[in-house]
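Enquirer: This is a predicted model, with the sequence first.
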Amino acid sequence: MDFTFTDEQRMMAAAMRELLDDACTPAHVRAAAEGTAEIAQRAARWSKLAEMGLCGVLAPESAGGLGLRDSDFVLLAEEAGRAGLPELLIEHAGIAMPMLAGLAHDGLAADVLQKAARGEVRLALLHPMNPYALAPQDSDVFLISCDAGVQLARHDDLEFQPQASLDPVRPLATFSAKRTMGSTIAASAAARISWDVARERGAVYAAAEMLGLAAR
């Protein structure tokens, strides 16, 4: 088996690095850590990532994504780490997006998938194995583990309680439901498999992110 990255994968990573060298400088990351980053600046950075198609790298072409493979995202995760990217691109595009794509069989989930591929809504995962939500203010729709399987919930369906975090760029919060949550998009058996795969993706992309950060 050949584990060498292709020229196309390296070119995409190089294009992302060029974008972040301009849109996510150390000064930008420092401002995010100090809480002085402008909302408009962060929104503009996310829009640039979306324009490159990075929000939908692993979403199917039928949903407006690029339809690429997990291995195509590894170098992108490394570049996100190199830049110290405050936005949750890895969680959105690398983990939540392919999970939703595998479960989006009804109208609501399919609609969310298409909007997420365009970067119009930002996805995140919530699971009991991790009691904290990561930077919840940066996510619009959550895939949540529950007894019935996987549910979709919007930010306003949940209540978040800030918690201490070692990383001021990525604040933590505990979460609870404020009201009956939205659509159940997967039964328990399919959900277990989806969460297992999501955990594996998360481990791989977190390693790539840390490699980029360490190299920088």
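Expert: Received the coordinates, thanks. Worth saying up front: this structure is predicted, and the values here are computed from it rather than measured. Numbers count the residues shown, from 1 in each chain.

Enquirer: for the residue lying closest to residue 202 once chain neighbours are set aside, what are its contacts?
Expert: Leaving aside its chain neighbours, residue 202 sits nearest to residue 95 (5.2 Å; criterion: CB to CB, 6 or more residues apart in numbering). Every C-beta, even on glycine, is put in place using the N, C-alpha and C of the backbone. By CB atoms under 8 Å, 6 or more residues apart in numbering, the residues touching residue 95 are 125, 198, 201-202, 205.

Enquirer: rerun at 10 Å
Expert: With contact taken as CB atoms under 10 Å, 6 or more residues apart in numbering, residue 95 is in contact with 58, 73, 77, 88, 123-125, 143, 197-202, 204-206.

Enquirer: swap in residue 12?
Expert: 5-6, 52-54, 57, 66, 68, 72-73, 75-76, 79.

Enquirer: Going through these, which ones are buried?
Expert: Neighbour counting with 16 or more other CB atoms under 10 Å marks 52-54, 57, 66, 68, 72-73, 75-76, 79 as buried within those.

Enquirer: Alpha carbons of stretch 132-149, as PDB, please.
Expert: What follows is stretch 132-149, C-alpha atoms only, in PDB (Å, rounded to 0.1, in the frame of the first residue of the first chain):
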ATOM      1  CA  TYR A 132     -17.900  19.300  26.900                       C
ATOM      2  CA  ALA A 133     -18.900  21.200  23.800                       C
ATOM      3  CA  LEU A 134     -16.000  22.800  22.000                       C
ATOM      4  CA  ALA A 135     -16.400  26.500  21.200                       C
ATOM      5  CA  PRO A 136     -20.200  26.100  21.000                       C
ATOM      6  CA  GLN A 137     -20.600  29.700  19.800                       C
ATOM      7  CA  ASP A 138     -19.000  28.700  16.600                       C
ATOM      8  CA  SER A 139     -21.500  26.000  15.600                       C
ATOM      9  CA  ASP A 140     -25.100  26.300  14.300                       C
ATOM     10  CA  VAL A 141     -26.200  22.600  14.200                       C
ATOM     11  CA  PHE A 142     -25.200  19.800  16.400                       C
ATOM     12  CA  LEU A 143     -25.300  16.000  15.800                       C
ATOM     13  CA  ILE A 144     -26.100  14.600  19.300                       C
ATOM     14  CA  SER A 145     -25.900  11.100  20.600                       C
ATOM     15  CA  CYS A 146     -29.100   9.900  22.300                       C
ATOM     16  CA  ASP A 147     -30.900   6.700  23.300                       C
ATOM     17  CA  ALA A 148     -32.800   6.800  20.000                       C
ATOM     18  CA  GLY A 149     -29.700   7.200  17.900                       C
END
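
Enquirer: Thanks again, I'm all set now.
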